[in-house]
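K.L.:
Please find the sequence and the predicted model below.
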Amino acid sequence: MSMHTRPQPPENQEQLLLRAQRISGSSLGELACLAKWTVPPDLKKDKGWVGLLLEYYLGARAGSKAEQDFADIGVELKTIPVDVKGQPLETTFVCYAPLTRNTGIIWENSHLRKKLAKVLWVPIEGERQIPLTQRRVGTPFFWSPNLDEDKALQQDWEELMERIIMGQINHISAHHGEVLQLRPKAKNSRILTAATGETGQPIMTLPRGFYLKKTFTAAILARYFLL
DNA sequence: GGTTGATCATCC
DNA sequence: GGATGATCAACC
């Protein structure tokens, strides 16, 4: 890598993949330097820093609120921290779970399915023993759920949504679900959002997000890299 | 507060 | 050691 300027949004999927391939093998310190970004000492107070740096290099619109990072070309970007064996070190956040006005939503039209329809996975070395500047970008690849993966996601999503709609939100833990988890997603545990209680009454509860379990993303990575 | 980007750190 | 519940920051 030499000179760098922030790219425009990619015009097509091939261009996006080429950009990601071009920075694979680079260290985060190298990329940050070229972009004139300051590298934080660690991710304790900058948990999204790596994702934002990749967004910058790939031309994602900063602070995008669209359904996907690259809505025009139908792609969601996910960086995923991996260990030396290529195993995921963290679960993967997908989207918030709708806790109200959710009775008409079906799997086929769900936000989660839309987001996961096509993902550009970018593995990044994520072990804490590796200084942030020295962590390297891995090989990027496109993924779309195969039939089995789609069915597994659908089953968990429908089961979790059913519980939410039935007022069981405060009885759902991250143990529910085979490939998906429902877990808190908020600035802190004092944040509240509207939901439905056990007798159908309005309640306030912690916002929840859907996360992909590590076993699920590990299989995706294995399917690609062992192919 | 809601949504984007996620990882931290305590508890099992 | 790993997963669950908690948390951090920017933008709106």
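P.N.:
In hand now; what should we look at?
K.L.:
which one's the longest helix in chain A?
P.N.:
When chain A is parsed with DSSP state H, its longest helix is helix A:147-165.
K.L.:
Identify the residues contacting that helix?
P.N.:
A:97-99, A:102-103, A:105, A:107, A:110, A:112-113, A:116, A:145, A:169, A:171-172, A:176-180, A:182, A:195-196, A:210, A:216, A:220 (Cβ atoms under 8 Å, 6 or more residues apart in numbering). To be clear about C-beta, it is placed using only N, CA and C from the backbone, and glycine gets the same treatment.
K.L.:
and these, which of them are in helices?
P.N.:
Using DSSP H, the contacts of helix A:147-165 in helices are A:112, A:113, A:116, A:216, A:220.
K.L.:
Quick one: those as a markdown table, columns for pLDDT too.
P.N.:
Formatted as a markdown table, the ones in helices among the contacts of helix A:147-165 follow (pLDDT from 0 to 100):
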| residue | pLDDT |
| --- | --- |
| A:112 | 96 |
| A:113 | 96 |
| A:116 | 96 |
| A:216 | 97 |
| A:220 | 96 |
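K.L.:
Distance to DNA strand B for those - can I get that in a markdown table?
P.N.:
A markdown table is the format used below for those (distance: Cβ to the nearest atom of the strand, whole Å):
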| residue | distance to DNA strand B |
| --- | --- |
| A:112 | 10 |
| A:113 | 14 |
| A:116 | 12 |
| A:216 | 14 |
| A:220 | 15 |
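K.L.:
Alongside DNA strand C, which residues does chain A contribute?
P.N.:
Near DNA strand C, the residues belonging to chain A are A:44-48, A:62-63, A:91, A:173-175, A:181, A:183-190, A:206, A:213-215 when assessed by Cβ under 7 Å from any atom of the strand.
K.L.:
from the residues you listed, which would you call buried?
P.N.:
For those, a burial check counting by 16 or more other Cβ atoms under 10 Å picks out A:91, A:181, A:183, A:185, A:206, A:213, A:214.
K.L.:
Quick check: nearest residue in space to residue A:185, chain neighbours excluded?
P.N.:
Among residues not flanking residue A:185 along the chain, residue A:209 sits closest, at 3.2 Å (Cβ to Cβ, 6 or more residues apart in numbering).
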